[in-house]
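**Q** task: produce atomic coordinates for the following.
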Amino acid sequence: MWGWKGTVDELLTFWFTAESGVDTRLIAHIGTLRKKGIRCYIATNNEKWRAQFIWETLGLHSFFDGIFSSADMGHSKNQMEFWEKVHGHVSEGAKEDILLWDDEVKNVETAQSFGFLGEQYTTFPAYAEIMKKYT
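**A** Next up, the predicted model:
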């Protein structure tokens, strides 16, 4: 038992805002990619209310072309079916033209097994260095 003393609404507010920092360097780089015509999406394992919070309240809808939530997809990012559904939504390009960044290796490996390019996100400087080979 957690021992939470507040209301359900207070718990949800705490949960949703606890890890809600947005890296402005990453957002700026996403903007640069989108100006070049590269579509950028969020893929998340968050449940539907947290995904909605990320998308709407944090305002990420202003910086990305869409969001793929495991709650909406019916599968998590470490399942092949998740990436099959993502590809179905963004299927204008070949699988090997889609690059995924994720902080969890298992999600990267699953996406790579599906045929996407994949990299593990660790820090913004490491991301920026690796992105040089893709852009």
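**Q** neighbours of A28, how many?
**A** 10 (other CB atoms under 10 Å). C-betas here are computed from N, CA, C, even on glycine.
**Q** so who does the closest residue to M131 other than its chain neighbours touch?
**A** With CB to CB, 6 or more residues apart in numbering as the measure, H29 is the residue that lies nearest to M131, at 7.3 Å, once sequence neighbours are left out. Applying CB atoms under 8 Å, 6 or more residues apart in numbering to H29 gives the contacts 127-128, 131.
**Q** let me know the pLDDT of H29.
**A** The predicted local confidence for H29 comes out at a pLDDT of 96.
**Q** nearest to K95, of the contacts of H29?
**A** Closest to K95 out of these is M131 (19.3 Å), distances taken as CB to CB.
**Q** list the contacts of K48.
**A** Counting by CB under 8 Å, 6+ apart, K48 makes contact with 69, 71-72.
**Q** equivalent analysis for I27, please.
**A** When contacts are counted by CB under 8 Å, 6+ apart, I27 is found next to F63.
**Q** give the buried residues for whichever strand or helix holds it.
**A** In this structure, I27 is located in helix 24-35 according to DSSP states H and E. Along helix 24-35, the positions that meet the burial threshold by neighbour count (16 or more other CB atoms under 10 Å) are 29-30.
**Q** likewise stretch 77-92?
**A** Neighbour count says stretch 77-92 has 77-79, 82-83, 86-87 buried, by 16+ other CB under 10 Å.
**Q** where are the low-confidence patches of the chain?
**A** Residue ranges of the chain with pLDDT under 70: 1-2, 4, 8-21.
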